[in-house]
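K.L.:
what's the 3D shape of this:
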Amino acid sequence: MITKNTLSAVIPRRVCLLFVLCLTFYSFSFAQQSGSSAKGPDFSILSDSATLTKGDYLIRLQTVFEAVNKVPVIVGSFKKLVPIAAHLKQDESALALLKSRLTSEDRMLNLQNLQMDQTLLEELQKNNRDCLADLDAYEKQLWELKTEILNLRKDTVLIKIFRQPAIRAMFIEQLTELRKKRILTDSLLKSATLSINNLQARTSSNLINIKELMYLTDNQLDAVSIKAFGKERRYLWESSNGKGRSGVGFRKFIDSEQEMSGYYFVYTRSSRVLLVLICVTFFFWVFFNFKSIIKRDRMETLHDLSLLSPQPYLITFIMLLTLAPIFDLRAPALYIESVQILLAILLTMFFRKKLPAKVFFYWCVFVVFLVAPVFLRVLGMSPKYQRWLLLFFSIGSAVYGLVVWKRLDEQAKKYKVILLAGFIFSALAVAAIFCNVFGRVTLTRIFYSTGVSALLNAVSLTILAKVLVEAFLLQMKSSRVRKGYPEYFDWHPVTSGLKRLTGIGVTIIWVVIFTTNLNIFNGLYESVMEVLTEKRTIGNFSFTLGGIVLFLGIIWTANFLQKYIAYFFGDTGDDTLDDNKGERSKLLVTRLILLIGGFMIAVAASGLPVDKITVILGALGVGIGLGLQNIVSNFVSGIILIFDKTIRIGDVVELSDKKGRVKEIGVRASTLLSDEGAEIIIPNGSILSNNIINWTLSNNQMRVDISLTIAKPFNSGEVVGLIRDIIAENNNVFISKEPVIMISPISNVNSRINIYFWCKDISKAELTKNMINAQIFEVFEERKIEMSFS
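P.N.:
Here you go, the predicted model:
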């Protein structure tokens, strides 16, 4: 057994033995290196310094030069430093202005400006975070470069070059050049590091300030909702102590609002460009449709368009200003008020020649109620006088709403959105009166501005909805005029569907703007989104209501598009059945693609689990095999008919005892239009499972036969010549195919004449036959030839 004493004795002996072995091995290695030139390759493993050549030193120096040369390249790639510094300077100015506005004790709370401040702070936070991410990336590159240079300083070969004079003398030229580059490199690294660190500190400081201001903004928004219901000023009947606040001043107010609005439009990335693009597209769409109709001198076809004109400048600007609030829900108050005033002025110009004098007068009074309070606030009038004048305008608005309601006719009351907005306008005016009297000044401003804005938006959105319907109708009529179709068609089913769609759209827009003005949109939106995004589970199937709503919405949109796409190109009814069968087939394929594509997009966008849907479809397959096989068969048959082109829209077909022209090929069934005007609906499966006679598969020609009996005696050559002349004179006869006339005796006194000829258009075959029958009868009667039709 090894004791403590024996262990202490053993360890030194083992250490000494190991040391002796190492010395022996080192001596042997040195001997091998000394005779390496004569005996063969170098077997040294403990040191390679004795074998280094000039090339090895140059390779290490080349590595140093490469690392040093990277510095100006990498530092020069930091191109965002100057823009970041400029952005930070602008951000600091904006934050200083925001801080002064939010902390000012003399400033009255303005809901729209607070919402704008919130949006601006969110954009500033995003911009500063992006700047900080770029700066961190630059700092990481610098750190990697510095690490590489520090590692080179630890290289033993490079240390030998710099410390041994003999070796240093060999590379004096390279070392001199390296010394010059080192000075530049150190300067660049220090300046870049200092600049990045400085910008990082400023960015971090901005982010801290933004957090504080966002907290302050949220508190003030809550104060608008809470304190607005409390007493902010004296009751209106209480006397003033003479210490009321003075007005802001026109120039000071305008400068402050302009500066803040400027920052907002610089920082916010809203869809204003998209709005302008939409309006420009609308303008040229309407303009070129009018141009095509004017070019063909068919303006009489547009007598039912009351809002659009060949130069739609005014209506385009109205559209731009109407949609502007929805693209900037939290814009500055000055911007929103300017948009409303411009919109009211343009609508006044638009209504001047379109409304009766009485209604136009009512509108002008409303414009006064809209514009006057804005000018009072902009002019910097003291809050005391603003309050009294706002009370006057609130009373006038309430009385105005009641008077207009009683005097408007039933025709004007059919616009439900305007009617609802009128009630809200009057109700909010009454609420503003009570709030003003009892010292709730902030609530008074919110109620009054929301009321006039609601009515203005209701009127402008109603106009916009009617304009969009008329623009679609204009597209349909211009397409028909360009294709030479009859100008009249039944457009009421189309416009009724479009009115429902535009009505839903403008109602949603109006509700969004209205709730935003009342500062309840965010709360409602979050509540609705919470319900829609909450994950629900039925068994192993997980879903959200939002996914289902999105799925159904996309399916409905796809169905709406496939239903009305033909109307967009002027294809509306039976007058186009004889022309452009290929184009109608393409439209049919487009409709099918819209349906299938809409379903696939709906599944992908809704987030519904595809594997679970597959399981459900597999389970439905059993039901399909049992009870829905006919529906699936008709669906598949419809797809085959669309792509196989056995029959096309406009073809004249016979199916069993049914004959007619193909009016529509649907996914489930097809429709034939009989000569009597009946619409025959036939399942697609029945069409493919029965024999089909298609009279117009390759052309529209049809052979017509006429049989008549003629009394003997007669000159057969003369009779045949007369019949040929009559047939040749008819414009609907296909003269390239020679008519066939056969005479056969049936008795001693009579003979039968069978006439066969080809019609160009099958739709006129019966008319052509009757015309030729009448002409033959007239000619034979003149020649005293007795005849009768079989």
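K.L.:
given the helix or strand Ile706 falls within, what are its sheet partners and their directions?
P.N.:
Element membership for Ile706 (DSSP states H and E) is strand 702-711. Here strand 702-711 is paired, per DSSP bridges, with strand 750-759 (antiparallel), strand 787-789 (antiparallel).
K.L.:
ok, Val720 - contacts?
P.N.:
Ile741, Ile743 (Cβ atoms under 8 Å, 6 or more residues apart in numbering). C-beta coordinates here come from the backbone N, C-alpha and C atoms, glycine included.
K.L.:
kindly report the same for the one 10 residues further on.
P.N.:
When the contact criterion is Cβ under 8 Å, 6+ apart, the partners of Asn730 are Thr768, Met771, Ile772.
K.L.:
may I ask you to name the longest helix in this structure?
P.N.:
helix 172-226 (DSSP state H).
K.L.:
tell me which other helices or strands that helix touches.
P.N.:
helix 54-76, helix 81-103, helix 111-153 (3 or more Cβ pairs under 8 Å, 6 or more residues apart in numbering; DSSP states H and E).
K.L.:
and the angle from the longest one to helix 172-226?
P.N.:
Inter-element angle recorded for helix 111-153 and helix 172-226: 160 degrees (by axes from the mean of the first three to the mean of the last three Cα atoms, to 10 degrees).
K.L.:
now the second one
P.N.:
Using the same axes, to 10 degrees, one finds that helix 81-103 and helix 172-226 are set 20 degrees apart in direction.
K.L.:
number of residues surrounding the nearest residue to Ala94 once chain neighbours are set aside?
P.N.:
The shortest distance from Ala94 to any residue other than its chain neighbours is 4.5 Å, reached at Tyr263 (Cβ to Cβ, 6 or more residues apart in numbering). Number of residues near Tyr263 (other Cβ atoms under 10 Å) recorded here: 23.
K.L.:
ditto for Leu673
P.N.:
Neighbours of Leu673 under the rule other Cβ under 10 Å: 17.
K.L.:
tell me the mean pLDDT over the helix or strand where Phe643 lies?
P.N.:
According to DSSP H and E, Phe643 maps onto helix 629-644. Across helix 629-644, the average pLDDT comes to 71.
K.L.:
re earlier: gap between the longest helix of the chain and the chain center?
P.N.:
Mean C-alpha position of helix 172-226 versus that of the full chain (Cα atoms, centre = their mean, to the nearest Å) differs by 38 Å.
K.L.:
again, but for stretch 268-284
P.N.:
11 Å.
K.L.:
can you give the contact residues for that stretch?
P.N.:
119-120, 123, 312-313, 316-317, 319-320, 323-324, 327-328, 471.
K.L.:
nearest to Gly523, of the residues you listed?
P.N.:
Each of these was scored against Gly523 by Cβ to Cβ, and Thr119 proved nearest at 16.4 Å.
K.L.:
so the closest one touches Tyr264, yeah?
P.N.:
Yes: using Cβ atoms under 8 Å, Thr119 makes contact with Tyr264 at a distance of 7.3 Å.
K.L.:
so which of these two has more stuff around it?
P.N.:
Taking other Cβ under 10 Å, Thr119 and Tyr264 do not tie; Tyr264 has more neighbours (23 against 20).
K.L.:
wait, what's in contact with the more buried one?
P.N.:
So Tyr264 contacts Met116, Thr119, Leu120, Ala331, Pro332, Tyr335 (Cβ under 8 Å, 6+ apart).
K.L.:
wait, is it part of a helix?
P.N.:
Yes: looking at Tyr264 with DSSP: H, G, I helix; E, B strand; the rest coil, it is inside a helix.
K.L.:
that one and Lys99, how far apart?
P.N.:
Using Cβ to Cβ, to the nearest Å, Tyr264 is found at 16 Å from Lys99.
K.L.:
could you do Gly503 as well?
P.N.:
Taking Cβ to Cβ, one finds Gly503 at 45 Å from Lys99.
K.L.:
so which of these two has more stuff around it?
P.N.:
Gly503 (17 against 14).
K.L.:
next, that one: secondary structure please.
P.N.:
helix.
K.L.:
all helices for the stretch 451-600 of the chain, in order.
P.N.:
With helices called from DSSP state H, counting those that start in this stretch, the stretch 451-600 of the chain shows them at 492-517, 521-533, 545-568, 581-606.
K.L.:
kindly export the third one (C-alpha atoms) in CSV.
P.N.:
The C-alpha atoms that make up helix 545-568 are tabulated as CSV, following Å, rounded to 0.1, in the frame of the first residue of the first chain:
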residue,chain,number,x,y,z
LEU,A,545,-62.6,32.7,-36.3
GLY,A,546,-60.3,35.2,-38.2
GLY,A,547,-59.1,32.4,-40.4
ILE,A,548,-62.7,31.3,-41.2
VAL,A,549,-63.8,34.9,-41.8
LEU,A,550,-60.8,35.4,-44.1
PHE,A,551,-61.5,32.1,-45.9
LEU,A,552,-65.1,33.0,-46.5
GLY,A,553,-64.2,36.6,-47.5
ILE,A,554,-61.8,35.4,-50.2
ILE,A,555,-64.2,32.8,-51.5
TRP,A,556,-67.0,35.5,-51.7
THR,A,557,-64.6,37.9,-53.5
ALA,A,558,-63.6,35.2,-56.0
ASN,A,559,-67.2,34.3,-56.7
PHE,A,560,-68.1,38.0,-57.1
LEU,A,561,-65.3,38.5,-59.6
GLN,A,562,-66.1,35.5,-61.6
LYS,A,563,-69.7,36.5,-61.7
TYR,A,564,-69.1,40.0,-63.0
ILE,A,565,-65.9,39.7,-65.0
ALA,A,566,-67.9,39.1,-68.3
TYR,A,567,-69.9,42.3,-67.7
PHE,A,568,-66.7,44.3,-67.3
